[in-house]
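1. Below are the sequence and a predicted model for it; my questions follow.
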Amino acid sequence: MSIPELEAIAKQVRRNIINMTADAASGHPGGSLSATEILVALYNDVMNVDPKDPKNPGRDRFVLSKGHSAPALYSVLGEKGFFSKDEFKGFRQLHSILQGHPDMKKCPGVDASTGSLGQGCSIATGMALGAKHTGNPCKVYTLLGDGELQEGVVWEAAMSAAHYKLDNLTFIIDNNGLQIDGSNDEVMSLGNIAAKFTAFGFRVIEVADGNDMAQVLDALHTPAEEGKPTCILCHTVKGKGVSFMENQAGWHGKAPNEEQRALALKELEA
Amino acid sequence: MSEKIATRVSYGEALAELGKTNDKIVVLDADLAGATQTGIFKKAFPDRHFDMGIAEGNMVDVATGMSTMGLIPFCSTFAVFSGRVFEHIRNSVCYPKNNVKFGFTHAGVTVGEDGGSHQAIEDIALMRTLPGMTVIVPCDDNETKKAVAAAAELDGPVYLRMARLATTVYDPMPFEIGKGNVMRDGKDAVIFACGLMVDESMKAAEILKDKGYDVAVVNMHTIKPLDAELVKTYADKCKNVFTAEEHSVIGGLGDAVADVLVGNGEYRFTKLGVNDVFGQSGKAMDVLREYGLCADQIAEKIAAKL
């Protein structure tokens, strides 16, 4: 798919994120907006998935380890046709397939239930190990938040991914620099993330602007390095695309009100 | 009933046997293959045994991922780490009903010398609070082997609790998840027991017989789903109801039985277990005695109530 086409999808995805969180008066817009290009690129130009056959055993897998960015994932899956876009209205409402955090048993296209930080990347590691074991040629991608890297299990997973030489596995880090209580550095410094993953045995690819579609695609299309898992470290902007949400930790888990929705949608006009 | 076998050994042997007929079975361990006895499986199927290192939380999540690829993973470590990995089991496995099995060994105070830090007395309580979790505490070698096979057949999470101490092997009994086994009939009292407390309860019933009491022993190998019908039948028949478990009296088999009986009749009910304290080092049977769970102590407590 061409970059302008992907960018047009990304813009629509951002509008959906604003509408979903505003309709629900609940949800996490900030980290959904920062991850938009990554998810749009994965589902529309990188992963081998078929919305008509969401359980195909040979499909590539994706695990949203930062499960609170569910609005971005739902929006991408809905635009791709995994389910009707009418479902967006039900986000976070009773009996909806679009639970507050992704539910693999309720929502078509969701490969793992997540929401408890750190566990998703570890589940993805198990998928990659299981794929190797069963001779399934699929690839496994997982998206982590930067604050999520504070969870110890992330590093347990990283250690095991390198130990089992999972070159079918890619950790993508949405490095927007902010988490609930403030910046990463204020809450718990992450140090040199690239150096940490390199030390754990990953091949690391750094993306200077993780909200630039071309840069994200370049990284995701880089061929695997045999015997090593890959970590793509994407420097992103939390709240990207909505001026008053950009780089504001306060928009981590706060929904826009009607006035803010209108302002945001105006900025996101095609 | 001759040689004694630890249920952890039965577990390792059962996995190796199961591996022969079901190539979906994979085993994960956290640097304890020699202790949990999954090493027996590893020897038979080295390519299907995954050591995850000393990182139990990751082991649970990796097993989850493997289960979504069509495999049937058995995760093994010490039962005391059930608390450490509880939230991984809750969110990665039980919440989405993933097909992951847990074979946790070294449960209860009969771990012995390693002491209270290693003696799980709360794992049954933790596991039975999780929706969709099946909790099985097999009593001996034969039952463990049948339980492992049944767990593999069931589509969903299963927690199997095994012991370190070698214990009596009974003649093979039928095994169906959720169906208790009457080991010994009686009318004056009933002991609902699980794990190696079944053996102690059987011996206690023998002691009580000499004192003129006719005591039934019901083996409740499945704590969840509990065989409520069998509990009601024997409670109604005997009226004096006892539970025996190598676990805290809070949240385990005793509470599961009480949940069935409360409000459903008039019973004299006593829970025998570890009374809200941690264990300590000692020889296995000395520690069991310290907490009042040896056969003669059980017999004494029951006689005092009859």
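-> Perfect, I can see it now.

2. Distance-wise, check the spatially most central residue of chain B relative to chain A.
-> Nearest to the mean C-alpha position of chain B, by CA atoms, centre = their mean, lies residue B:137 at 1.9 Å. As judged by CB to the nearest CB, to the nearest Å, residue B:137 and chain A stand 27 Å apart. The way it works is simple: take the backbone N, C-alpha and C, and place the C-beta from them, glycine included.

3. Report the contact partners of that residue.
-> By CB atoms under 8 Å, 6 or more residues apart in numbering or on different chains, residue B:137 lies in contact with B:107, B:124, B:160, B:161, B:194, B:195, B:221, B:223, B:245, B:253.

4. Turn the residues you listed into TSV, including distance to chain A.
-> Output for the contacts of residue B:137, formatted as TSV (distance: CB to the nearest CB, whole Å):
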residue	distance to chain A
B:107	24
B:124	23
B:160	20
B:161	23
B:194	30
B:195	30
B:221	29
B:223	25
B:245	30
B:253	29
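
5. From those, which land in helices?
-> Counting by DSSP state H, these place B:124, B:253 in helices.

6. With distance to residue A:66 as extra columns, can I get the contacts of residue B:137 in a markdown table?
-> Formatted as a markdown table, those follow (distance: CB to CB, whole Å):
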| residue | distance to residue A:66 |
| --- | --- |
| B:107 | 36 |
| B:124 | 34 |
| B:160 | 33 |
| B:161 | 34 |
| B:194 | 41 |
| B:195 | 41 |
| B:221 | 41 |
| B:223 | 36 |
| B:245 | 41 |
| B:253 | 40 |
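
7. closest to residue A:40 among the contacts of residue B:137?
-> The nearest member of these to residue A:40, counting by CB to CB, is residue B:160 at 44.0 Å.

8. can you pull out the helices in the chain?
-> All of this is about chain A. Using DSSP H, helices in chain A cover A:3-24, A:29-34, A:36-41, A:70-80, A:119-134, A:152-163, A:184-187, A:193-199, A:213-220, A:258-267.

9. other chain: chain B
-> Under DSSP H, chain B gives helices at B:7-21, B:33-36, B:39-44, B:56-68, B:86-88, B:123-128, B:141-153, B:197-210, B:228-238, B:253-261, B:284-290, B:295-305.

10. just these: most buried one?
-> Per residue and on average, the most neighbours among the helices of chain B fall to helix B:56-68, with a mean of 30 (mean count of other CB atoms under 10 Å in any protein chain shown).

11. Helix A:119-134 and that one, what's the angle between them?
-> Computed by axes from the mean of the first three to the mean of the last three CA atoms, to 10 degrees, the angle separating helix B:56-68 from helix A:119-134 equals 50 degrees.

12. Give the other helices and strands that helix B:56-68 contacts.
-> Secondary-structure packing of helix B:56-68 (3 or more CB pairs under 8 Å, 6 or more residues apart in numbering or on different chains; DSSP states H and E): helix A:119-134, helix A:152-163, strand B:25-29, strand B:72-78, helix B:86-88.

13. hey, C-alpha coordinates of that helix in PDB?
-> Provided in PDB are the C-alpha atoms of helix B:56-68 (Å, rounded to 0.1, in the frame of the first residue of the first chain):
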ATOM      1  CA  GLU B  56       8.100 -18.100  36.800                       C
ATOM      2  CA  GLY B  57       5.900 -15.200  35.600                       C
ATOM      3  CA  ASN B  58       7.400 -15.300  32.100                       C
ATOM      4  CA  MET B  59       7.000 -19.100  32.100                       C
ATOM      5  CA  VAL B  60       3.200 -18.700  32.600                       C
ATOM      6  CA  ASP B  61       2.800 -16.100  29.900                       C
ATOM      7  CA  VAL B  62       5.100 -18.000  27.400                       C
ATOM      8  CA  ALA B  63       3.000 -21.100  28.100                       C
ATOM      9  CA  THR B  64      -0.100 -19.000  27.300                       C
ATOM     10  CA  GLY B  65       1.400 -18.000  24.000                       C
ATOM     11  CA  MET B  66       2.300 -21.600  23.200                       C
ATOM     12  CA  SER B  67      -1.300 -22.700  24.000                       C
ATOM     13  CA  THR B  68      -2.600 -20.200  21.400                       C
END
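
14. who's in contact with the closest residue to chain B within the stretch 151-270 of chain A?
-> Going by CB to the nearest CB, chain B is nearest to residue A:156 of the stretch 151-270 of chain A, at 3.5 Å. By CB under 8 Å, 6+ apart, the residues touching residue A:156 are A:122, B:53, B:55, B:57, B:58.

15. Could you rerun that using 10 Å?
-> Going by CB atoms under 10 Å, 6 or more residues apart in numbering or on different chains, residue A:156 touches A:118, A:121-122, A:125, B:52-59, B:61-62.

16. can you name the two of those residues that are farthest apart?
-> It's A:121 and B:54 that sit farthest apart of those, by CB to CB, at 18.7 Å.

17. Between the two, which has more neighbouring residues?
-> Legend: neighbour count by other CB atoms under 10 Å in any protein chain shown for residue A:121 and residue B:54, higher for residue A:121 (32 against 12).

18. show me the contacts for the one residue in chain B that gets nearest to chain A.
-> Going by CB to the nearest CB, chain A is nearest to residue B:65 of chain B, at 2.2 Å. Residues near residue B:65 by CB under 10 Å, 6+ apart: A:61, A:63, A:111-112, A:119-131, A:140, A:142, A:157, A:169, B:71, B:73, B:92, B:98, B:100.

19. Equivalent analysis for residue B:206, please.
-> Neighbour list for residue B:206: B:184, B:215, B:217, B:295, B:299 [criterion: CB under 10 Å, 6+ apart].

20. ok, it to residue A:222 distance?
-> Separation of residue B:206 from residue A:222 (CB to CB, to the nearest Å): 71 Å.

21. Could you do residue B:245 as well?
-> 56 Å.

22. the more surrounded of the two?
-> Counting neighbours by other CB under 10 Å for residue B:245 and for residue A:222 shows that residue B:245 has the greater number, 31 against 13.

23. which residue packs closest to the residue of the stretch 101-250 of chain A found nearest chain B, ignoring adjacent ones?
-> Closest to chain B within the stretch 101-250 of chain A is residue A:126: 2.2 Å, counting by CB to the nearest CB. Nearest in space to residue A:126, with sequence neighbours left out and distances taken as CB to CB, 6 or more residues apart in numbering or on different chains, is residue B:65 at 2.2 Å.

24. pLDDT value on the one you found, please?
-> With respect to pLDDT, residue B:65 has a value of 98.

25. Good, we can wrap up now.
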